[in-house]
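Peer 1: next come a sequence and a model predicted from it.
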Amino acid sequence: MIASRKVIRPPRRIPWLVLAALAYAVAQLTLVVPHLGLGWDETVYLSQVDPHRPAAYFSAPRSRGISLLAAPVLAVTDSTTVLRVVLALLSAAALYAAYRVWQPMLGPGRTALAALLFAGLWTTLLYGPQAMPNLWVALSAVAAVGCFLRAAHPPAGRRTLLGLGAMVAAATCFRFSDGVWLALPLLAACAIVPAWRRPAPALAVVGGFAVGGAEWIAEAYVRWGGVGARLRLSSITEGGMGARWAGGMAWRSLNGPLLCRPCHVPLTHPELTLWWLALPALALIACVLAWRARRDAVILLPIACAATLSIPYLLLIGYSAPRFLLPVYALLSPPLATLAAHSAHAIRPPRTRALAAGLAAALLALHLSAQYKVLDRNTATARATAARYRTAAHDLRRLGLTPPCLVSGTHAPPIGYDAGCASANVGGNNRNTTAQALLHRAAREPAAILARAHSGPPRYARTWTPHPLPGAGLTAYTPPH
């Protein structure tokens, strides 16, 4: 008789990263998707590929990556809810894929913690289901730096090099300027670090940037006469790019408003910004520990890329928005997760380690609850703003503005999008027509000029008929005929 042998199987590891991505998807679907209408910038991006609405003016600083991402959904349906659900699921899958690149270098636990630190931020949750480029730049940058670290050490597989090029291309396609600030430290690392002086990673970065920026560069020549002209116009649109300290504005607007321009808001709830103030100190400590442990590449490179990506938003522009620094937070999460794990391992007595782990878990829970509080407030603000746009669009339809039609003036792009009308402006950052051209077009199709209540119409529409839009705080002026 042959004795039966019991097969001992190793215990299955908990897929922590998968759980973090699933939690991110569930949080978006429950906390954000049911309550969010379309914002101003979203309507601009979506109108470029929406087959049912005219395209709004696409200003010089913008890139078309997020429009391309949303195009397949808009080709099938114009439902905002469907778009939100698809983007929420895609962003959760992208979170998993981006941080999965880091797992061979950090290990499963640290990688999942890094993903959780980033996914738990209110900005990451709010912009996951939105058609906005900043989150997608962040995830592309995390994946690109991870692929670079894996590709810089021979023998690097072709798949890793292709992934590096694809992620740099994606970041550049979503936002051209961010692609520049991402590529610069990667190429500098190839030139400075002797072990990384290999042509393959550098060529992957350059090739990815060229592919991702090709459309932006081509459009610069077609619409503005060259890259230099588009960059100059981009600077004007941003309020004049130049050396200035914008860190104070970024701090004051950390918990909202969603766009701080002009940024004169006071700091609210400073206790909820302590994590942000601690980031530079924690990053510096991570660098010191990594240098001592001779794991400096995995820590220093993402911190260097985070620093360069923060330059335009902390040192060059005169306004701020919480979403601008999403790529910075994403790139800092792997070093911070490594720092947390290193701190836990440095505690020797088991009882003390258990106490420290409990304290860290309590702090993380407190941080996440604070992020939820800020998320709830800003989601309500965004919902109210989108509701005012929809109310104004409904009132314009009552006034007879049905496609083809034209909306100009205050909040013209989002209100025009909701009404199914084209939008145009004769001044401001979205100037794309003249008063004479606008009047000529208004003579041929239904038109309305929007102005804030009691501010009066522009001079070229002084004879137009006013129609108060109380739900939006605006007045619509229509031609006398």
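Peer 2: All right, it came through fine.
Peer 1: quick one: residue 276 and residue 251 touch, right?
Peer 2: Yes. Counting by CB atoms under 8 Å, residue 276 touches residue 251, with 6.7 Å between them. (Each C-beta comes from the backbone N, C-alpha and C, glycine too.)
Peer 1: got a pLDDT number for residue 234?
Peer 2: Here the pLDDT value assigned to residue 234 is 95.
Peer 1: any idea how far it is from residue 216?
Peer 2: Separation of residue 234 from residue 216 (CB to CB, to the nearest Å): 10 Å.
Peer 1: go on, residue 292?
Peer 2: 42 Å.
Peer 1: and if you look at residue 223?
Peer 2: Taking CB to CB, one finds residue 223 at 11 Å from residue 216.
Peer 1: which one of these two has more residues nearby?
Peer 2: Remark: of residue 223 and residue 216, residue 216 carries more neighbours, 22 against 12, as counted by other CB atoms under 10 Å.
Peer 1: now that one: closest residue in space, sequence neighbours ignored.
Peer 2: residue 176 (4.3 Å; CB to CB, 6 or more residues apart in numbering).
Peer 1: neighbours around that neighbour, how many?
Peer 2: 27.
Peer 1: would you agree it is in contact with residue 215?
Peer 2: No. Using CB under 8 Å, residue 176 makes no contact with residue 215, being 9.0 Å away.
Peer 1: joint contacts of the two?
Peer 2: residue 63 (CB atoms under 8 Å, 6 or more residues apart in numbering).
Peer 1: contacts only, for the closest residue to residue 118 other than its chain neighbours.
Peer 2: Leaving aside its sequence neighbours, residue 118 sits nearest to residue 333 (CB to CB, 6+ apart; 4.4 Å). By CB under 8 Å, 6+ apart, residue 333 lies in contact with 114, 115, 117, 118, 142.
Peer 1: let me know the closest of those residues to residue 97.
Peer 2: Nearest to residue 97 among these is residue 142, at 9.7 Å by CB to CB.
Peer 1: any idea which helix or strand comes after the helix or strand where the closest one lies?
Peer 2: Element membership for residue 142, per DSSP states H and E: helix 134-151. Following helix 134-151 in sequence order, the next helix or strand is helix 158-174 (DSSP H and E).
Peer 1: quick one: the helices in the stretch 51-200 of the chain?
Peer 2: Listed in chain order, the helices of the stretch 51-200 of the chain (DSSP state H, counting those that start in this stretch) span 65-76, 80-100, 103-106, 108-119, 122-127, 134-151, 158-174, 176-192, 199-219.
Peer 1: elements contacting the first one?
Peer 2: With contacts defined as 3 or more CB pairs under 8 Å, 6 or more residues apart in numbering; DSSP states H and E, the packing partners of helix 65-76 are helix 40-47, helix 80-100, helix 134-151, helix 158-174.
Peer 1: highest mean neighbour count out of those helices?
Peer 2: For these, the largest average neighbour count (mean count of other CB atoms under 10 Å) is found in helix 134-151, namely a mean of 28.
Peer 1: report the mean confidence score over it.
Peer 2: For helix 134-151, the mean per-residue pLDDT is 97.
Peer 1: now do stretch 181-190
Peer 2: Taken as a whole, stretch 181-190 has a mean pLDDT of 97.
Peer 1: give me the low-pLDDT residue ranges for this structure?
Peer 2: For the chain, the stretches flagged by pLDDT under 70 are 1-11, 156, 295.
Peer 1: go ahead and flag the most central residue of it.
Peer 2: residue 134 (1.6 Å; CA atoms, centre = their mean).
Peer 1: my read: that residue touches residue 177, true?
Peer 2: No. Look at residue 134 against residue 177 with CB under 8 Å: they stay out of range, at 11.6 Å.
Peer 1: which SS state does residue 449 fall under?
Peer 2: Of the three states, residue 449 takes strand under DSSP: H, G, I helix; E, B strand; the rest coil.
Peer 1: number of nearby residues for residue 419?
Peer 2: Neighbour count of residue 419, defined by other CB under 10 Å: 26.
Peer 1: spatially nearest residue to it, not counting backbone neighbours?
Peer 2: Closest residue to residue 419 apart from its sequence neighbours, by CB to CB, 6+ apart: residue 393 at 3.9 Å.
Peer 1: roughly how far apart are the one you found and residue 387?
Peer 2: 11 Å.
Peer 1: quick one: which of the two has more around it?
Peer 2: The neighbour comparison of residue 393 against residue 387 (other CB under 10 Å) goes to residue 393, with 21 against 13.
Peer 1: for the more buried one, helix, strand, or coil?
Peer 2: The three-state assignment at residue 393 reads helix, by three-state DSSP.
Peer 1: wouldn't it be in contact with residue 412 here?
Peer 2: No. Applying CB under 8 Å as the test, residue 393 and residue 412 come out as separate, 11.0 Å apart.
Peer 1: render the CA-only coordinates of stretch 200-216 in PDB, please.
Peer 2: Extracted C-alpha coordinates of stretch 200-216, given in PDB (Å, rounded to 0.1, in the frame of the first residue of the first chain):
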ATOM      1  CA  ALA A 200      18.200  52.700 -24.800                       C
ATOM      2  CA  PRO A 201      16.500  54.500 -21.900                       C
ATOM      3  CA  ALA A 202      17.300  57.900 -23.200                       C
ATOM      4  CA  LEU A 203      16.000  57.000 -26.700                       C
ATOM      5  CA  ALA A 204      12.800  55.700 -25.100                       C
ATOM      6  CA  VAL A 205      12.300  58.900 -23.300                       C
ATOM      7  CA  VAL A 206      13.000  61.100 -26.300                       C
ATOM      8  CA  GLY A 207      10.900  58.900 -28.600                       C
ATOM      9  CA  GLY A 208       8.000  58.900 -26.200                       C
ATOM     10  CA  PHE A 209       8.100  62.700 -25.800                       C
ATOM     11  CA  ALA A 210       8.200  63.100 -29.600                       C
ATOM     12  CA  VAL A 211       5.200  60.800 -30.100                       C
ATOM     13  CA  GLY A 212       3.200  62.300 -27.300                       C
ATOM     14  CA  GLY A 213       4.000  65.900 -28.300                       C
ATOM     15  CA  ALA A 214       3.600  65.500 -32.100                       C
ATOM     16  CA  GLU A 215       0.000  66.600 -32.200                       C
ATOM     17  CA  TRP A 216       0.600  69.600 -29.900                       C
END
